[in-house]
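Trainee: My questions concern the predicted model and sequence given below.
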Amino acid sequence: MQNIIKSILEEVDAMLSGHFIPYYKVAIGLAAIIALIFSLVLSHGSVFEGKIAVIDLDGSKYSTELISKINTSPYIQVSEVIRAPVNPITLVSHDRNLGVLYIPKGLEKSLKRGDQSVNLGYFVDDTNDAQNAKILPSLNEYIPELGAEISVNRVSALGLGKESTEATLVPMQLKSRYMFNPASASTISTIIYFVYFFSSLTYGLTSLMIVGRLKVTGLWNSVMERGPLALMARTIPYALFYTTGLTLIGAILVIFGQLRFEGNYFAYVPSIFMTGLAFGWLGFLLSWNTKNPGEGASRMIFLVPPGFIMGGSTMAVGLLPLWAYYTSYAFPLVWLFRFFRDFAMRGRTLVDMFATYGAYIIYLTIIAAIVMAVYFHAQKSYTQNEAVKNC
């Protein structure tokens, strides 16, 4: 126990010395800065008032009314209406518009006669599919409804009531409801993921440089003498500041109504601390053979970014093949994102999360066992070298 306490105090002294990363400041400061900047830059989780151009070859009263009604959607803004044939590529170049709606000639006449279906076209700028995520569903919903208004009036002349007419034209409808983020608030999704990502980056860099720093400063020999638990305990102060920083910023966002957290935060906090331990211990494994802090920092690409990419923050988890889905749990950030979604967004209770916590404990136990195995192997070599020197 004395060796463990000494190791922890040495890491605290290193943070306060001014010669290494002052993580006690970075853990809170960086999280606050990222939350503030991205809250200002990303006000929504989806594109609102997405600009589209309209090529209106019909030029009728109905096509004008149709354009006006489409423009009322919160996700769509008609930026320009062109009455002549134009190459749609020119209208989306330089991010001028997100897409182009094409209204064919004879639209109004065809609808009033009812002799054939009329197809409107939408040219999608799919250089970034996410930009049209709300525009396409909105158009797919509005166009049939607006077209049905004319058909309802015509069919109702047959003597059917309005409800019967609607049932005849549209026998089934799909009504959707967003369960966890109906307002598409960016803080609940994008911003909080960025806060976690950048906070994990700084902590990952710090943990990857510990082994190199111990070797450069001449403390590696004492590490080999104190035992593996003393080495792993060096991550505790960093994990505590990591937990404090994310908790403090999360609390501020919740208090000011910027972040929705449905579950019990105290039941969620252990997962942050456990993630801090996992980052630290994996950092030891990745940097075990490094000789200086810079060499350890260069291995960051293997620690934090994979978890950010595969954890459901940048792409849907369902897109991953089954083998990739299970492999993703080798990265601590994947676990933390899963805990956050279940506790914060879905409002799961501690009892509901017992199984996940149990799996996470097994994960940490495996990492700890590997660290101890590597440590004892290195300690054996160290002991043999010391015996040779003494001879």
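Mentor: Everything's here; your move. Worth saying up front: this structure is predicted, and the values here are computed from it rather than measured.

Trainee: what's the closest non-adjacent residue to Tyr268?
Mentor: Phe343 (4.1 Å; CB to CB, 6 or more residues apart in numbering). (C-beta placed from N, C-alpha, C; glycine too.)

Trainee: and the one you found, what does it touch?
Mentor: Residues in contact with Phe343 (CB atoms under 8 Å, 6 or more residues apart in numbering) are Phe261, Glu262, Gly263, Asn264, Tyr265, Ala267, Tyr268, Ser271, Met353.

Trainee: Just give me the closest of those to Ala27.
Mentor: Ser271 (16.6 Å; CB to CB).

Trainee: thinking again about what came up before, restricted to buried residues, select the contacts of Phe343 in ChimeraX.
Mentor: Of those, the buried ones can be selected in ChimeraX as follows, counting by 16 or more other CB atoms under 10 Å:
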select :261,263,267,268,271,353
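
Trainee: how about the residue sitting nearest the centre point of the chain, phi and psi?
Mentor: In the chain, the C-alpha closest to the average C-alpha coordinate belongs to Ser313, at a distance of 2.1 Å (CA atoms, centre = their mean). When read as degrees, to the nearest 10, the backbone of Ser313 gives phi -90, psi -30.

Trainee: Next one, pLDDT for it please.
Mentor: pLDDT recorded at Ser313 is 78.

Trainee: I'd say it and Phe197 touch.
Mentor: Yes - under the criterion of CB atoms under 8 Å, Ser313 makes contact with Phe197 at 7.2 Å.

Trainee: Please spell out which residues along the longest helix along the chain are buried.
Mentor: If you go by DSSP state H, the chain has its longest helix at helix 354-390. Judged by neighbour count (16+ other CB under 10 Å), helix 354-390 contains these buried residues: Thr356, Tyr357, Tyr360, Tyr363, Leu364, Ile367, Ala368, Val371, Met372, Tyr375, Ala378.

Trainee: could I get those residues as CSV with distance to Gly218 and pLDDT?
Mentor: As requested, the buried residues of helix 354-390 are arranged in CSV below (distance: CB to CB, whole Å; pLDDT from 0 to 100):
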residue, distance to Gly218, pLDDT
Thr356, 42, 93
Tyr357, 39, 96
Tyr360, 36, 97
Tyr363, 34, 97
Leu364, 30, 97
Ile367, 27, 97
Ala368, 26, 97
Val371, 22, 97
Met372, 23, 96
Tyr375, 18, 95
Ala378, 16, 92
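
Trainee: now, the most widely separated pair of those?
Mentor: Thr356 and Ala378 (33.1 Å).

Trainee: Secondary structure element holding Asn289?
Mentor: Using DSSP states H and E, Asn289 is not contained in any helix or strand.

Trainee: Now do it: how many residues are near it, please.
Mentor: 11 (other CB atoms under 10 Å).

Trainee: three-state assignment of the nearest residue to Thr383 once chain neighbours are set aside?
Mentor: Among residues not flanking Thr383 along the chain, Met224 sits closest, at 7.9 Å (CB to CB, 6+ apart). Under the three-state scheme (DSSP: H, G, I helix; E, B strand; the rest coil), Met224 adopts helix.

Trainee: Isn't Met224 up against Tyr382?
Mentor: Yes - counting by CB under 8 Å, Met224 touches Tyr382, with 4.4 Å between them.

Trainee: Gly121: what's it in contact with?
Mentor: Leu101, Tyr102, Pro104.

Trainee: er, Tyr122 I mean
Mentor: Gly99, Val100, Leu101, Tyr102, Leu136, Leu139.

Trainee: try it again with 7 Å
Mentor: Gly99, Leu101, Leu139 (CB atoms under 7 Å, 6 or more residues apart in numbering).

Trainee: Wasn't it part of a strand?
Mentor: Yes - when classified by three-state DSSP, Tyr122 is found to be part of a strand.

Trainee: which one is it nearest to, not counting chain neighbours?
Mentor: Per CB to CB, 6+ apart, closest to Tyr122 is Leu101, 5.4 Å.

Trainee: Can you show me the helices along the stretch 201-350 of the chain?
Mentor: In the stretch 201-350 of the chain, the helices defined using DSSP state H, counting those that start in this stretch lie at 210-216, 220-226, 228-233, 236-255, 265-286, 293-297, 305-310, 322-327, 332-340.

Trainee: In CSV, list those along with distance to Arg348.
Mentor: Shown next, in CSV, are the helices of the stretch 201-350 of the chain (distance: least, CB to CB, whole Å):
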stretch, distance to Arg348
helix 210-216, 34
helix 220-226, 40
helix 228-233, 30
helix 236-255, 17
helix 265-286, 9
helix 293-297, 36
helix 305-310, 21
helix 322-327, 20
helix 332-340, 9
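
Trainee: now for those helices, which one comes closest to Ile33?
Mentor: Nearest of the helices of the stretch 201-350 of the chain (CB to CB): helix 236-255, 9.7 Å.

Trainee: what residues does that closest one touch?
Mentor: Outside helix 236-255, the residues that touch it by CB under 7 Å, 6+ apart are 8, 11-12, 23-24, 27-28, 31-32, 35, 187, 195-196, 199, 203, 206-207, 259, 261, 269, 272-273, 276-277, 280.

Trainee: remind me which residues of the stretch 151-300 of the chain are low pLDDT?
Mentor: 151-189 (pLDDT under 70).

Trainee: repeat that for 50
Mentor: 172 (pLDDT under 50).

Trainee: Quick check: the residue nearest to the centre of the chain touching Ile192?
Mentor: No - checked against CB atoms under 7 Å, the pair Ser313 and Ile192 is beyond contact range at 9.0 Å.

Trainee: Counting neighbours, what do you get for the closest residue in space to Leu303 that isn't next to it in sequence?
Mentor: Excluding the flanking residues, the one nearest Leu303 by CB to CB, 6+ apart is Gly204, at 4.6 Å. Gly204 has 26 neighbours, counted by other CB under 10 Å.

Trainee: Quick check: Gly204 vs Phe266, distance?
Mentor: The span separating Gly204 from Phe266 equals 26 Å under the rule CB to CB, to the nearest Å.
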